[in-house]
Structure formats: C-alpha cells, structure tokens
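Enquirer: The following comprises the amino acid sequence and a computationally predicted model.
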Amino acid sequence: MINPYINRKYIIGGIVIFILFIYFIKLFAIQVIDDKYKLSAENNSKRIVIKHSARGLIFDRNNKLLVYNEAAYDIMIIPNQIENFDTITLSDILGITQNNINKNIIKARNYSARKPSIFLKQVSAKTYANFQEHIHKYKGFFVQPRTLRKYPMKIASNVLGDVGEVNKKTIEKDNYYKSGDYIGLNGIEKFYEKELRGRKGVELFLVDVHNRIKGSFANGKYDTTSVVGKNITATIDANLQLYGEMLMQNKIGSIVAIEPKSGEILAQISSPTFDPNLLVGRVRSENYQKLVTDTLKPLFNRALMAKYPPGSTFKLINALIGLQDKLISKKTHFGCSNGYHAGGLTVGCHSHKSPLNLLESIQHSCNSYYCNVFRTIVENKDYIKHADAYTHWRNLVVSFGLGNKLGSDFYNEISGFVPKASYYDKVHQTENWKALNIISLAIGQGELGITPLQMANMTATIANKGRYYIPHIVKKIEGRKDINPKYTIHHYTKIDEKHFTDVINGMELVVNGGIGSTARIAKIQDITVCGKTGTAENPHGKDHSIFIAFAPKENPEIALVVFIENGGFGSSWAAPIASLMIEKYLTDTIKRTYLEKRMLDGNLLKSE
Amino acid sequence: MRRNSNILKQIDWVTVFIYILLVFFGWINIYAAVYDDNHQSIFDISQRYGKQLIWIGASLFLIIGIFIINHKFYSFIPFPVYLLTIFMLIFVIIFGREVNGAKSWFEIGSFKFQPAEFAKFATSLVLAKLLSIYNFKIYKFKNIITITALLLIPFILILLQNDTGSALVYVSFIFVLFREGLSGNILLIGLLLIVLFILALFLNVLNLIIGITLLSFIIFWISNRNIKQTLIGVGIFILSGLLIWGITLLFEINLLESLQILLAVLLSSAFYTLWLIRNNLHKTLLIIGFAIISISFVLSVDYIFNNILEKHHQSRINNLLGIEFDPLGAGYNVNQSKIAIGSGGFLGKGFLNGTQTKYNFVPEQSTDFIFCTVGEEWGFIGTSSVLFLFALLLLRLIFLAERQRSAFSRIYGYSVIGILFFHVVINIGMTIGLAPVIGIPLPFFSYGGSSLWSFTILLFIFIKLDAHRMELL
C-alpha cells in the first residue's frame, strides 16, 4: 500500500531543519557577534565592597586627644530580597517609626532593587548589637560598619571642622569619592582631608543572584587593602582653647592666640561656639539646620571670616610707619585738647595730660597724636600727591599681613580690607582727596576691615620685632618629617627692627604704666604683659571691645587678640580676658579668681 | 522463535547512541549548574546531579523492561493506558501536590511523580491506535470529533492543573495529524492566526480591521479579475457601513468603531451573498469567511489580552515580542538567560567556570533553563552541538518512522517526533528569547526523573517497535 501522504515527511523534516537553523543563527549572534552579554555577565556577578578607612586622629600640641573615631553601623538593604517582616518589632529595635521604615524601603527600591543601599545610617553599637540578634528575621538586611568622629573635649568645633557625606559636585570632580563617602567639610578636616582620610580599599566578590557572596573574585588579585588615615597633631593647646571658650561664653567675638616664635596658633575661638559632637551621626542634619538658622551664627568662624575695624590697636602700626619714614621720633610731642581739631573736623579724645610723647601716646591711646602722625605721613612732601603717600603707607600696612589672605591652613580665611588709593578716588570722585578725608584710618576706624587672625598675627609680628611665620594650625603629620615649608619661612615687614623697641615699650606702659594707662586691669604679677586696647566704633550698636597683647615682654611666648562685639571699651572685657588667657597659658593657674569669675559670669547676650 | 536472539542487531544503534550522548551531556551540565565546593562527589545523592544519576540508572532498567516486553503488547495497551492516565490526571487535580503553582504532582513518600509527563506517552499510543485502524479516514467528521476529544480531554485536565506548559505540548500532535492526511490548510490557518495574533498586539486594532477588510477586497479582485463586481462589493460594504452608523446614531447606541466595521462586513456579506447566489459562490464565501473570522479573531485577541489575561502574562508576551522591555520584571528570566548564554562566547568559559548559572542569576538552571549552562560553559561550540544532536535525532526518527510497515508504529513514531520537537523548540527558544517562557523541560537534558523517564519510555518503545518492524503490519 502506498501511503498517499508520504511526501509530507519532507515538509516535516524541512520545518525541523528550518527552525533549528534559525536557532543556530540566533545563538551565533548572541554568543559570537554580540559583546554586550559578556559585559552584563561581569556586572551581574561581581560585587565591589568598599572597605572604608578610619580617619586619622587629631591631637593637641600636648598630645591630648581632640578627635577620635567611634564605630557606627549603617543598616543596608537589598530591596528585592526583603521578605515580609514584622515592622513593629523592627521599629522598636531601631527606634524609628513604621512609616519611616516603609519610606526608606521605597527610597532604596527607587534607587535599585538589586543593589544594596543604606536603609538607616549610623546606628549606635548598642542598637547594632540588638539588631544583630534579630537579623535572621529580616531577609535582605545587612550591616556595614562605618566610623564616626567623636570629640572628647567638645571644643574647637570651627578649628577641627566637621565630616559629612560628599556632595554630587565633589564626586564628579574627584573620582576617589563615591556616593555615601565621608569627607572633611571644614577646618582641619577639610584642609588635611587627603592626609586624614587614608585610602579606601576594595574587595571584589563573586555574588549570586541574591547578592550573596560566593567567594572572592580572581582569588583577590584585584583587591586592595585600606590604609588608615594619618594622625595629625594640631598646634592648639586644648586647655587654653577650652579656657578661652569658657571665657567667651555668652559673648560674641573671637580670640586668636599665636606663638610668636613659630606662628603656631595656640587657640582660635569664635563665639558663640557649639559642641562638635552635634554634627555627627544621625542627629547631624537636624542640628545643622538649627545651627544654620541660629541668629548668632555659630557656624560663622569669626576668627577667620569676620572683618572688624582694629580701632586703637592700629595706632601701633601708624607709630611704626611714622618712625620708619623718620617723620616722628620717640621724642615727638603732640598736644591734645580733648581731641583733634582741624578745619571744622573733630576727632574726640578722652582727657589726659598734654602734650605727650610717643610712648605716652600709646599708654594713653591719644587720638589727637595719631591724627597728627597720620596726617604727617599722608602729607609727606616726598610725594607729589597725597594718594602716592597713601599708597606708600598702605604698602607698609600690608607688609604686616593685613588686607590679604595670610595663607594659613584654613580654606575659609578671608583677606580683610585695607583700601587702595583708587578706592578713595572713587569714593571722593577726585584724585585730590586730602588726609583729613581719611583721617579715621589714623585711629583704626573707617573702612579698615581686619580679621582676628590677622590682628593676632600683627601682634605676634610686633612681639617678634618685624617678622612673622604664617599662622598655621597643624604642627605635625604622622609619618612626615616636616610640615609644609611655607610655614617655616620668615616673612618681614617693611619696618626696621629698631623701631619696634619704642612701640613695645609703649605697649608695656599700657598695662604696667600706672595711673593713666588704659589697660591696668591686664597686669599680671611677675609677668610683663605688653598690650594695646582698642575700642572700635560700631554704627550698629555698642562699641566693640578689643585688646591685643603679648607676653612676656623679653621673650614672647604668646601673642593674642581678644575681640568682643559690643563689649564697649577695650579695657572692660577684652583686656581682662586677654590677661587671663596669658596667665592661664604661662602659669597654668589663675590667681585673680575674682576677675576670672567676673569674666565667666559676664553675659553680653542679654537683651536690654 | 529467533526474535530474542537477534533483537540486538535489529535495534537502531544510531538513535540509542544519540540518546546516550544527550543524557550524558545533560547530566554533566546539571552537575555544573548546581555544583558548589561543598559537594563535589558525583554520587552525592543529596545533590541534584546525584539524584539524576540514580534516575539515569533506573532508565536503564526501564529500557531493558521495554525490550523484554513483547512488542505486540504495545498495540494492545493504548486504550487501557489512556484511560488510566485520564484517571490519574483527574486524581492529581484532587489529591495532587502543588509545586510552583501547578497542582500536577503525586507524592508518595519521597517519590514524586507527574502524570502529565506520562499523558503525552499515553496520548501518543492511543492516537497511533486510532489512526491506524484499517480504512480510517481522517477527514470524516465523526473521526475528527473523536480525535479532537482524545486530545482535548488530557489537554484540558492538564490545563486545570495549572500546568500550561505541559498542556501546550498537545499542539505537537498537529504534526502527526498532518502526516496522516490532515488538510494542509489547517496548518496555514494556524499560521494565519499566529500572524494575526502578533499583529493584533502590535497594531491599533481599528487599523488592523480596516486593513483586513481592504485585503479581502484585494484578494477578491485578484481571484475574480472583475473590477465591476469588486466595486459593487465595496459599494455594498460602504452602504452597509453607513446604515449601521446611521442606526447607532439614531438609537444612540454606544458601539465601538471596530465592532461597527465587523457588523458592516457581516451585513454587506449577507447582501452580497444573496446577490451572488448563482455565481462563483464557493470562492467568495471563502474570502468572506476569511474576513469575518480574521476580524473576530483580532477583536477577541484584543479583548482577551486586555481584559482576561493577567498583568504578568501580558508582560511576558509583550517582552517576547519586544513591545515592552523590562529586564528586571517579566523579561528578567529571559534577559538573564541570554546574558548567561551570550557570555559563553565561542568556546565557553569552561566546565564549572560559569558564573551566571552557578550563582543562580538564571532561574531553574538545572531544569527548564539547563541550556544556559551549556551556553555559558561550552560556548557556541556546545550549543550548536546540542542543536545538531537534536536535529540528527529528529531526522533519524523521521527516517525510522517512514520505514515502518505498520501504520501504528509510524504514527507512534511521529508522535514521538512531534513531542520531542515541540519541547526542543520551546525550551531552547525561550532561553534565547525566541519563544515564550513556558516551563517545559529539554528532553534528556533537564533535571528530573519524571521527565527523563517519560522521554526514555517514549523513545525506547519506538525503538522497540522499530526493531520489530519486519514482524508488524
């Protein structure tokens, strides 16, 4: 019997061959031609685990610990591994609301369902231990250890700076950083970020579809170990810093103390300040908001960023310039009749003996004397125009490190303001302005804007008789022989060394001259303190109280400025505080407890 | 009798050899797919490869059993076996155990068993028995009903177990029916429906229906070569359309445009048929039938897809057709599977060096997606070899089937071919994104006793029948 449909075997055989041939072509395409699957496979099965390095510690000049690390734990999730769990218990363990649990999971899922993301940042070791006991109940959760900064002494928040997560901009600029990394945002933490951060390590793992680690990738060939950050020794004296912060409580202003013979910053206080621990961990963002919106601006580092008129302390500079230009001498006398009167203009002064010589002018802080000095400088016949004489004057002023950034190891240092001649051209709309137009510069008023750091450096420069090291905050970096050489080079003013003696002698009289001396209150037994008061006029309210000083006279170990906003006379707050700071630093004890108590209790924040 | 003495000579060793190669290569890949450092012994029966080894061993006994049993026995048993299977299929729906959402397993102790696997075998036998009855005419209405019933009963029962994959295997019997004389038009209609199905998902339904209507007129014109009649037809259609449109406006019936067109086609067809009653009716009716069935089909596909299918089914189909791309959702399995196969490259990563399959990126990597392991570890060389082996096996089986003198053996042989081919096409196709993800195993390859045994029984009964082809008529 011949089967009528026998030829259909060819059709069937043909279909088999045809379809399998299509498969053959497709396999050739995805296995041999197309490369994208190979790449996908790599990304699929490789997980990069970052091993974060602990940041370096920070010590004070006496090796007192200022900053250390504390373990904290980020709770991570891989969203698509999460199975149903009891949110009530979890919210109890972690101390967050159930609502937040759901919100965080959704957030993580929106980022990626398969990749790990942070569920809850920086939980404490205690919470971590508690959670670890229950972690088996929460599929898809795991814990990643991190380190957080801790500040045992709760001081110097603006000096040390804070640490936070890197922002997008930084990540784009510097490929070292990945989202979620920590970075120094301010102060030492920022300036010495590269030293402090150490080096992250990576470990490559092979993972399965559930992101479970199955073994190391290529036997660890591409892994790198993490390197702990370098420890840093700061120049500040923790005890002095702490004492200064105590003295400054309930006052607005700044103290900067420098060791003249090295340029090392011994204390740098900006008040009001805050506990640096506030900006650590999960409370950080909330506290940051509070600090940012605080009307007293605790985050504003006044020591580096506030421009103040130096007031009468600036008379020392004018005296030195007068001496340098041989326009005055130690014996030059000027009279004072309760002020300086010229061409309908009056600069007031308090009553003291008249006429007086250079030293007495410093002792009594005579306004009239310095108006005369300044006028002589600006009207110097050696120059055709007053503006040229002024420019000469300005050059000498700037040589004290005023009007420009000093170049310290703080990123947020500002340059301050010492006006150029062209500035006055614009203000007066003529190049032929007169000395009297700018006479307030004679007594450190007017347009002058000097930062406390610059004023402290100016003081140290006088103590050193005309030379200074750029002030700096870091004394030693672990593993390095020297700090940046720019901090060990002398800078010289354009004033000859010999002229400083008279001014220093004048400063000695300010404190130790007896009746008529403006800062008798700053006198310390057995220590020769040289100082100068300042009272800066403030158009917005009560005068600022200023005092610069160094001690001991013969071999200065500390030079400092105290600046108290709205503190009135220099002698009312700034001078005593400066004096206490010197006493504390040089003798480590305070004998004048009555004065200390008055300063500690003084509250200038009370609204009238 | 001489039968027993020379059976070994009569066995088709080519097929047996291909079978051994496939089973062995399959086992190696199961080993690789579930391999981990803690369990390295190939005899570790706590692992899948260890178990598979037991099942391979048991298959040997099955084969011996099949050869010992008298070949005539197989032509006596179809109906009892079929009935038994039907009972088991009903039974499993009631008492079965649910695995992966499909209630298709019996569990007796640690022994698990899937009746659906054996239903294919039983259906093959009963189909062979029925079609080989002397003077059986496949195109007789009564016979078509009987065949349909025989195929539909197990199909529906398996569908009720929620095991869509195994149920769809019944489509493969179309091969057998085709070989035995089913009109080729049915295959063409099937093809047409698939094309319409895909188009219905790709295109706007309204446009598609307008297209079908236009196409019908064009076909009509080509087949008639009579422009006048065609224009009359178009005219009648437009008038009907206007009529229906007017009615919907008049009675303010809210009717879909596509349904309006369908009604217009129906109405105009009725008019036209009346008008043409004495003319070339047969051909015209065919074209009208084409238009009506196509439009109805498109509309129902659209309706079923959007209103009856669940979201994840929709997504799977959309992913397959490339309408939707969602590598982490419905397309995840296929995407991962393609990555695994693609990453193997030309030569593969080498035995046990696959990362995608070993680390579970590919789902079901020892059962339905075992082909991924082949692709990843053995590369294009491996995958094309497997394809080649299957092609060789199928062509060899066609050759064997055609040399049978008995219709029963031949028909049974084609059932085996159809079932194997369907499994191979769907299983490999889904791993490379050319077929929908239907969970059916790769014959002889995939892990699992039920599947290995049922394919072994299926194949070796045919080899046994073939060995006795000279004695059977």
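Expert: Sure, I can see it. Residues are numbered from 1 along each chain as shown, chains lettered A, B, ... in the order given.
Enquirer: in the chain, which residue is closest to the centre?
Expert: Assuming you mean chain A. The residue lying closest to the centre of chain A (C-alpha atoms, centre = their mean) is A:Gly187, at 3.1 Å.
Enquirer: I was after chain B.
Expert: B:Val169 (3.9 Å).
Enquirer: Torsion angles phi and psi at it?
Expert: According to degrees, to the nearest 10, the main-chain angles of B:Val169 amount to phi -60, psi -30.
Enquirer: just checking, it touches B:Val424?
Expert: No - assessed by C-beta atoms under 8 Å, B:Val169 is found out of contact with B:Val424, at 11.5 Å. C-beta: built from backbone N, CA, C; applies to glycine.
Enquirer: ok, the residue nearest to the centre of chain A touching A:Val163?
Expert: No - under the criterion of C-beta under 8 Å, A:Gly187 lies out of contact with A:Val163, with a separation of 10.1 Å.
Enquirer: B:Lys120: neighbour count?
Expert: The burial metric for B:Lys120, expressed as a neighbour count using other C-beta atoms under 10 Å in any protein chain shown, is 27.
Enquirer: Contact partners for the nearest residue to the residue nearest to the centre of chain A once chain neighbours are set aside?
Expert: Across the structure, with C-beta to C-beta, 6 or more residues apart in numbering or on different chains as the measure, the residue nearest A:Gly187 apart from its sequence neighbours is A:Gly161 (2.6 Å). Under the criterion of C-beta atoms under 8 Å, 6 or more residues apart in numbering or on different chains, the contact partners of A:Gly161 comprise A:184-191.
Enquirer: what's the closest non-adjacent residue to the residue in chain A positioned nearest to chain B?
Expert: Distances from chain A to chain B, computed as C-beta to the nearest C-beta, single out A:Tyr37 as the nearest residue at 2.4 Å. Using C-beta to C-beta, 6+ apart and skipping residues adjacent in sequence, the residue nearest A:Tyr37 is B:Gly342, 2.4 Å away.
Enquirer: Likewise for A:Gly513?
Expert: Take A:Gly513 and drop its neighbours on the chain: the residue closest to it by C-beta to C-beta, 6+ apart is A:Gln363, 4.7 Å away.
Enquirer: helix, strand or coil for the one you found?
Expert: Secondary structure of A:Gln363, reduced to three states by DSSP: H, G, I helix; E, B strand; the rest coil: helix.
Enquirer: That one and B:Leu192, how far apart?
Expert: Look at A:Gln363 and B:Leu192: by C-beta to C-beta, to the nearest Å, they are 114 Å apart.
Enquirer: These two: which is more packed in?
Expert: For A:Gln363 versus B:Leu192, the count of surrounding residues by other C-beta under 10 Å is larger for A:Gln363: 26 against 15.
Enquirer: what helix or strand is the closest residue to chain A within the stretch 201-350 of chain B on?
Expert: Going by C-beta to the nearest C-beta, chain A is nearest to B:Gly342 of the stretch 201-350 of chain B, at 2.4 Å. B:Gly342 belongs to helix B:332-343 when elements are defined using DSSP states H and E.
Enquirer: Please apply the same query to A:Ser422.
Expert: With the criterion set as DSSP H and E, the secondary-structure element containing A:Ser422 is helix A:421-428.
Enquirer: Flag every buried residue along that helix.
Expert: Neighbour-count burial for helix A:421-428, counted by 16 or more other C-beta atoms under 10 Å in any protein chain shown, picks out A:421, A:424.
Enquirer: pull the CA atoms of it into PDB?
Expert: Once non-C-alpha atoms are left out, helix A:421-428 reads as follows in PDB (Å, rounded to 0.1, in the frame of the first residue of the first chain):
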ATOM      1  CA  ALA A 421      44.100 104.800  46.900                       C
ATOM      2  CA  SER A 422      41.900 104.100  43.900                       C
ATOM      3  CA  TYR A 423      39.100 103.200  46.300                       C
ATOM      4  CA  TYR A 424      39.200 106.800  47.700                       C
ATOM      5  CA  ASP A 425      39.400 108.200  44.200                       C
ATOM      6  CA  LYS A 426      36.100 106.600  43.600                       C
ATOM      7  CA  VAL A 427      34.500 107.500  46.900                       C
ATOM      8  CA  HIS A 428      35.500 111.200  46.700                       C
END
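Enquirer: packing partners for whichever helix or strand comes after that helix?
Expert: Once helix A:421-428 ends, the next helix or strand along the chain (criterion: DSSP H and E) is helix A:452-463. Using 3 or more C-beta pairs under 8 Å, 6 or more residues apart in numbering or on different chains; DSSP states H and E as the contact definition, the elements that helix A:452-463 packs against are strand A:253-259, strand A:264-271, helix A:302-305, helix A:315-324, strand A:467-468, helix A:500-512, strand A:544-551, strand A:558-564.
Enquirer: ranges for the strands of the stretch 51-200 of chain A?
Expert: Remark: strands of the stretch 51-200 of chain A, listed N- to C-terminal, are A:58-59, A:65-77, A:117-123, A:141-150, A:163-165, A:182-184; assignment by DSSP state E, counting those that start in this stretch.
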